[in-house]
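Peer 1: Got a sequence here, can you build the structure:
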Amino acid sequence: MSSADDSDKIFKALADHRRRAILDALKDEPKTTGALCDMFPQIDRTTVLQHMRVLEAAGLIVARREGRERWNHLNALPIKEIHDRWIGDYARNAVSLMARLKADLEP
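Peer 2: Predicted structure coming up:
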């Protein structure tokens, strides 16, 4: 799979506010699938599981089975790679522009 395909999957996964909420829920610690479903009572379990499958396909969630439980872990590396590719370069350019502006405005 090409990196463009990987990026498309990541952007698609991050596009939905409910999937971002699931990732936020996993930010501090892994959670079982049942605990994640309980955190979103406004949507049914099947819908939560569908969102989790999209996140897992994008590599943003890593699931590990322990007995009957499935523990879901956040994998922040794809988000960091998106940041490095897109935001990092833009931020460097913005800082460079600010430095030039400052130099032009100073006596």
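Peer 1: and the most centrally placed residue in the chain, what does it touch?
Peer 2: Centroid-nearest residue in the chain, with CA atoms, centre = their mean: Ile79, separated by 5.2 Å. If a contact means CB atoms under 8 Å, 6 or more residues apart in numbering, then Ile79 has 10, 14, 60 as its contacts. Heads up, the C-betas are built off the backbone N, CA and C, glycines and all.
Peer 1: How many residues are close by the first one?
Peer 2: Right, the one you point to is Ile10. 19 (other CB atoms under 10 Å).
Peer 1: Just give the nearest non-adjacent residue to Gly34, would you?
Peer 2: With sequence-adjacent residues excluded and distances taken as CB to CB, 6 or more residues apart in numbering, Gly34 is closest to Glu69, at 7.5 Å.
Peer 1: Let's have the contacts of Ile79 in JSON lines, adding pLDDT and secondary structure.
Peer 2: Below are these laid out as JSON lines (pLDDT from 0 to 100; DSSP: H, G, I helix; E, B strand; the rest coil):
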{"residue": "Ile10", "pLDDT": "94", "secondary structure": "helix"}
{"residue": "Leu14", "pLDDT": "95", "secondary structure": "helix"}
{"residue": "Leu60", "pLDDT": "98", "secondary structure": "coil"}
